[in-house]
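K.L.:
I would like the atomic coordinates for the input below:
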Amino acid sequence: MSARKSERLLNLVICLLVARTYVTKERIREVVEGYAGQTDDAFEKMFERDKDELRDLGIPIEMGTIDKFFSDDVGYRIRRDVFELPEVHLEPDEAAVLGVAARVWQHASLAEATTSAVLKLKAAGIQTDQSALSAIEPHVGASEPAFDPLWSAVVSRTAVRFEHRRSGASEATLRTLEPWGIVSWHGRWYVVGRDRDREATRMFRMSRIGGNVKTVGPAGAFTVPEGTDLRSLVSELAPPRPTSEAKVRARTGSCVSLRRRANAIEPYEEGWDLLHVPYADSGVLAEEIASYGPDAVVEGPGDVLDGVLRRLRTVAGV
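P.N.:
Residues are numbered from 1 along each chain as shown. Have a look, this model is predicted:
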């Protein structure tokens with residue numbers, strides 16, 4: 001998927017999301033970058049394709065009348081209350097999921113396009129609600145190298161192949177995936193889809209994908225099963241509920257994610273707190289604790305401590 005098309009779809013989402021009323025097709029053509037300069041026939045085809053692609057991604061585009069006295073004067077909008085993800089209990093932490101995100105790529109060109117779309121709506125006299133942009137901003141970084149090629153593969157329906165290292169595994173395995181969507185969960189990015197090697201639905205954490213993500217076969221080679229609900233899949237594929245508890249010393253003001261999930265926080269010594277952190281997978285918890293460096297120290301149990309030490313030794317090359 002080209003950057004130009006990505007920006008056009010993104011701007012269409014922004015246009016329909018921030019407008020407080022239905023936006024006519026003519027106004028959309030004027031406001032959304034990429035539609036201007038097209039012939040009437042080309043615009044109609046492009047707009048219909050874009051709507052279908054966004055709906056396939058689970059973005060609810062609603063059509064309705066702009067004036068109740070003129071039923072033939074129709075427009076489009078995205079209702080924020082329908083578009084936003086309701087609370088999903090993956091862990092005691094918050095979850096933000098799949099979306100066409102206004103700032104995911106964090107490129108200046110997209111930020112400029114976002115501003116342009118909103119300003120054009122205002123100039124046209126259409127009331128806007130810029131706070132609605134928060135519905136498509138996951139508030140996590142998309143710095144993983146795998147993000148861009150996987151996102152393109154999701155939109156173009158192209159299978160991909162990559163090396164993935166499971167938590168606690170010393171070596172990566174080659175996986176072939178039909179990517180259905182991208183999910184942000186607990187501050188990390190995951191790709192969800194059908195694993196051709198396992199012939200089952202799987203969710204892969206992007207930070208554990210190494211090397212280059214390569215496309216396999218042509219675009220449009222697969223379809224997402226009808227009725228697929230990515231939010232439900234995330235709940236099913238997410239790690240099991242915590243069954244154990246670790247005691248972790250954390251410097252004051254640090255380890256925010258661990259503090260959020262902690263069952264209890266006790267004063268320890270000056271500058272430190274003792275966190276009682278629930279977990280299901282010691283390897284996953286150890287990796288997270290190790291990422292905090294000297295700001296987190298495991299008091300127990302031993303398997304979590306060993307996991308942290310093993311990861312720190314690997315980083316140090318010991």
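K.L.:
and the helices in the chain, which stretches?
P.N.:
Ranges of helices in the chain, per DSSP state H, are 3-18, 25-31, 40-56, 80-83, 108-123, 147-156, 230-237, 256-261, 282-291, 302-316.
K.L.:
and among those, the most buried is which?
P.N.:
Highest mean neighbour count among the helices of the chain (mean count of other Cβ atoms under 10 Å): helix 3-18, with a mean of 22. No exception for glycine: its C-beta is placed from N, CA and C like everyone else's.
K.L.:
by contact count, what packs against it?
P.N.:
Packing contacts for helix 3-18, counted by 3 or more Cβ pairs under 8 Å, 6 or more residues apart in numbering; DSSP states H and E, involve helix 25-31, helix 40-56, strand 70-77, helix 108-123, helix 147-156.
K.L.:
tell me what angle it forms with helix 147-156.
P.N.:
Inter-element angle recorded for helix 3-18 and helix 147-156: 80 degrees (by axes from the mean of the first three to the mean of the last three Cα atoms, to 10 degrees).
K.L.:
now helix 3-18: average pLDDT?
P.N.:
The predicted model assigns helix 3-18 a mean pLDDT of 80.
K.L.:
now that helix: how far from the chain's centre is it?
P.N.:
Distance of helix 3-18 from the chain centroid (Cα atoms, centre = their mean, to the nearest Å) equals 16 Å.
K.L.:
about what we covered before: ok, of the helices and strands packed on helix 3-18, where does mean pLDDT dip lowest?
P.N.:
Among these, helix 108-123 scores lowest, with a mean of 49.
K.L.:
out of the helices of the chain, nearest to Ile209?
P.N.:
With Cβ to Cβ as the measure, helix 147-156 is the member of the helices of the chain nearest Ile209 (8.1 Å).
K.L.:
CA-only coordinates of the closest one in CSV, if you can.
P.N.:
The C-alpha trace of helix 147-156 is given here as CSV (Å, rounded to 0.1, in the frame of the first residue of the first chain):
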residue,chain,number,x,y,z
PHE,A,147,5.2,-2.1,12.0
ASP,A,148,5.1,-0.4,8.6
PRO,A,149,5.4,-3.5,6.4
LEU,A,150,2.9,-5.4,8.6
TRP,A,151,0.4,-2.5,8.4
SER,A,152,0.8,-2.4,4.6
ALA,A,153,0.2,-6.1,4.5
VAL,A,154,-3.0,-5.8,6.6
VAL,A,155,-4.5,-3.3,4.2
SER,A,156,-3.4,-5.0,1.0
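K.L.:
residues in contact with it?
P.N.:
1, 6, 9, 53, 57, 104-105, 158-160, 179-182, 189, 191, 206, 212-213, 215, 219-220 (Cβ atoms under 8 Å, 6 or more residues apart in numbering).
K.L.:
starting from the longest strand seen in the chain, tell me which strands it pairs with and how they run.
P.N.:
Counting residues, the longest strand found in the chain (DSSP state E) is strand 173-185. Sheet pairing of strand 173-185 (DSSP bridges) gives strand 95-96 (antiparallel), strand 159-164 (antiparallel), strand 188-195 (antiparallel).
K.L.:
flag the shaky bits of this protein, pLDDT-wise.
P.N.:
Scanning the chain for pLDDT under 70 picks out 1-3, 67-72, 81-144, 167-170, 184-188, 231, 234-240, 318.
K.L.:
let's see 50
P.N.:
For the chain, applying pLDDT under 50 flags the ranges 85, 87-114, 124, 130, 133-142.
K.L.:
if we ignore the residues flanking it in sequence, what's nearest Lys25?
P.N.:
Nearest non-adjacent residue to Lys25, counting by Cβ to Cβ, 6 or more residues apart in numbering: Phe47, 6.8 Å away.
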